[in-house]
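J.: the following block contains a protein sequence and its predicted model.
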Amino acid sequence: MNEPASALATVGLSSGITRADLQPVLKLELSFDMLAGRLEIIALLVFLYPKTWFGRRVREL
């Protein structure tokens, strides 16, 4: 529980679970947590939401 929270907060604290021979799925999860923590999770979620990519433009009269 400490590793994902540490990665999301980008504080660098580790309890020693993260190592080079960690399973690839867990490495991806920690990588996503680090990215989400660095870019702010709300901004990242808005970026990943497809409807925000190409919005309908409303013409003003």
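T.: Perfect, I can see it now.
J.: would you mind naming the helix or strand containing L28?
T.: Mapping L28 onto the secondary structure by DSSP states H and E places it in helix 24-39.
J.: who's in contact with that helix?
T.: Under the criterion C-beta atoms under 8 Å, 6 or more residues apart in numbering, residues 3-4, 7-10, 18, 22, 44 lie in contact with helix 24-39. Glycine gets a C-beta too; all of them are placed from N, C-alpha and C.
J.: how does it look with 7 Å?
T.: Where contact means C-beta atoms under 7 Å, 6 or more residues apart in numbering, the residues beyond helix 24-39 that reach it are 3-4, 7-10, 18, 44.
J.: where do the helices of this structure begin and end?
T.: Under the criterion DSSP state H, the chain carries helices at the ranges 2-9, 24-39, 41-48.
J.: how distant is the first one from the center of its chain?
T.: Relative to the chain's own centre, helix 2-9 is displaced by 11 Å; criterion: C-alpha atoms, centre = their mean, to the nearest Å.
J.: identify the residues contacting T10.
T.: T10 is in contact with 34, 37-38, counting by C-beta under 7 Å, 6+ apart.
J.: can you check N2 too?
T.: S15.
J.: 10 Å - rerun?
T.: If a contact means C-beta atoms under 10 Å, 6 or more residues apart in numbering, then N2 has 13-18 as its contacts.
J.: residues near L26, how many?
T.: Here the count is done by other C-beta atoms under 10 Å, and L26 has 13 residues near it.
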